[in-house]
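Asks: Sequence plus the predicted model coming up.
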Amino acid sequence: GAKRSDDGSRNTSRVEVLTTSVSFSPTGREWACVSPEGLHIYSLDDDMIFDPIHITEEMTPSNVQRALQRKHYGKALVMALHLNELELVREVLEQTPFKSIQHVVKIVPKQFLERCMQFIVVCMEHSPHVEFYVHWCLEFLTVHGRYLQKFRNRCMRGMRGMYGVVQRKHDDLKRICDENRYTLDFMEE
């Protein structure tokens, strides 16, 4: 039982806000409302990323496509990261030529490193292009290694995700190679 008495009354003041519109996401995990102070977005998830400060009218999916057509892969990736759409980021990553990956990674701003690493993890998880995505991972570590080491607390989720997906791909390939070796050994006998 309680040692002290507590009648439950608290001196709390609740703020009332006039809203003109409320909207819920299809998953029900986020919702947004419009008030005289602006747009308010709330989420049950801690990792929801919405960065309206840096979004301009130029950052649209069609402009990302246009940048890809003009072979401006770094600009396309940064715009896709601002828009935070998985399929758009996947398209930019996979259309970037292998030889251009290092240059594109250098263009990624520090504030988007974690987000980009998480996108690479999601894309690599279901992609048959293992070497391509491993090259992306290596370039991130090579180009931004000092920053990632210095601010490892900020980027730990992306780093762990990259390690995990590379380890799973390694285990899958090792299993396939072992099975093939055993099959070849059997056929040889």
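Replies: Received, thanks.

Asks: Off-centre distance for the worst-scoring helix or strand of the chain on mean pLDDT?
Replies: In the chain, no helix or strand scores lower on mean pLDDT, DSSP states H and E than strand 38-43, which sits at a mean of 81. Put simply, strand 38-43 sits 21 Å off its chain's centre (CA atoms, centre = their mean, to the nearest Å).

Asks: Using PDB, list the CA coordinates for the helix or strand following that strand.
Replies: Later in the chain than strand 38-43, the nearest helix or strand by DSSP states H and E is helix 61-69. What follows is helix 61-69, C-alpha atoms only, in PDB (Å, rounded to 0.1, in the frame of the first residue of the first chain):
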ATOM      1  CA  PRO A  61       9.500  13.100 -57.400                       C
ATOM      2  CA  SER A  62       9.400  14.400 -61.000                       C
ATOM      3  CA  ASN A  63      12.400  16.600 -60.300                       C
ATOM      4  CA  VAL A  64      14.200  13.600 -58.800                       C
ATOM      5  CA  GLN A  65      13.500  11.700 -62.100                       C
ATOM      6  CA  ARG A  66      14.700  14.700 -64.100                       C
ATOM      7  CA  ALA A  67      17.900  14.800 -62.100                       C
ATOM      8  CA  LEU A  68      18.400  11.100 -62.700                       C
ATOM      9  CA  GLN A  69      17.900  11.600 -66.500                       C
END
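
Asks: Give me the neighbour count for residue 122.
Replies: If you count neighbours by other CB atoms under 10 Å, residue 122 ends up with 14. For every residue, glycine as well, the C-beta is placed using N, CA and C.

Asks: ok, and the closest non-adjacent residue to it?
Replies: Spatial nearest neighbour of residue 122, chain neighbours left out: residue 86 (6.3 Å); criterion: CB to CB, 6 or more residues apart in numbering.

Asks: And the least confident helix or strand of the chain, what does it pack against?
Replies: Helices and strands touching strand 38-43, by 3 or more CB pairs under 8 Å, 6 or more residues apart in numbering; DSSP states H and E, are strand 30-35.

Asks: element containing residue 77, please.
Replies: helix 73-83.

Asks: and the angle from the next helix or strand after that helix to helix 61-69?
Replies: Counting by DSSP H and E, the element after helix 73-83 in chain order, helix or strand, is helix 86-95. Between helix 86-95 and helix 61-69, the angle comes out at 10 degrees (axes from the mean of the first three to the mean of the last three CA atoms, to 10 degrees).
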